[in-house]
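1. Generate a structure from the sequence data that follows.
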Amino acid sequence: MIRTQRLLMRRARRFDLHDLHAVFAQPQAMRYWSRPPYETLEDTRAFLEGMIAAGPPEADEFVVEREGRVIGKAGMWRRHEIGFILHPDHWEQGIGHEALSALVAHLFAAHGMDALTAEVDPRNARCLRLLARLGFEETGRAENTLRWAEEWCHSIYLALPRPTGGADAADQRSR
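-> Numbering: from 1, shown residues only. Down below sits the predicted model:
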């Protein structure tokens, strides 16, 4: 469990289904996800069951809760790659930065890895700005990496090396 000023990040539970579906059914939120919006609760249930079943060291994922409601998820999967999604009602409020700053600190402390990575659609300017604020830097690009509905999408790859100088350096970098 991770607590921040406004958020609780905790392990997913089956009763999170309806709140998560409210996120995954949002076309705006899912625009740069790995697939189009989830149409049914069963789509979300399958994702949620996989999230619950996955665990360290391969995955370390959390639901993001604000004021008692799940508003998204954030975590690591594929050992070192981070990802996140928030309901659009919570965009542009610093929630993503708050959640990812805490997540990054947790992942480096808990897993002892040398770097974290991320993959982002180049059109997802909000995500790229957020990751840049956290210190992620571009390491490469590739074309036609994901088919979303009938459209081929491209990828930007980013990395964040483990901060040197301890927790204070990581905290300073995320501001």
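
2. for the longest helix anywhere in the chain, packing partners?
-> Determined from DSSP state H, the single longest helix within the chain is helix 95-111. Packing partners of helix 95-111 (3 or more CB pairs under 8 Å, 6 or more residues apart in numbering; DSSP states H and E): strand 2-3, strand 8-10, strand 60-66, strand 69-77, strand 81-86, strand 115-120, helix 125-133, helix 167-173. For glycine as for every other residue, the C-beta is placed from the backbone atoms N, C-alpha and C.

3. Low-confidence stretches in the chain?
-> For the chain, residues meeting the criterion pLDDT under 70 lie at 165-175.

4. Point to the residue nearest the middle of it.
-> Centroid-nearest residue in the chain, with CA atoms, centre = their mean: Phe84, separated by 1.7 Å.

5. show me the contacts for the closest residue to it other than its chain neighbours.
-> The spatial neighbour of Phe84 that comes closest, neighbours along the chain excluded (CB to CB, 6 or more residues apart in numbering), is Ala74 at 3.9 Å. Contact analysis of Ala74 by CB atoms under 8 Å, 6 or more residues apart in numbering lists Met9, Glu61, Phe62, Val64, Ile82, Gly83, Phe84, Ile85, Ala99, Leu100, Leu103.

6. make it 6 Å
-> Counting by CB atoms under 6 Å, 6 or more residues apart in numbering, Ala74 touches Phe62, Val64, Phe84, Ala99, Leu103.

7. Report the beta-bridge partners for the closest residue to the second one other than its chain neighbours.
-> Take Val64 and drop its neighbours on the chain: the residue closest to it by CB to CB, 6+ apart is Gly72, 4.4 Å away. Beta bridges link Gly72 to Val64, Leu86, judged by DSSP bridges.
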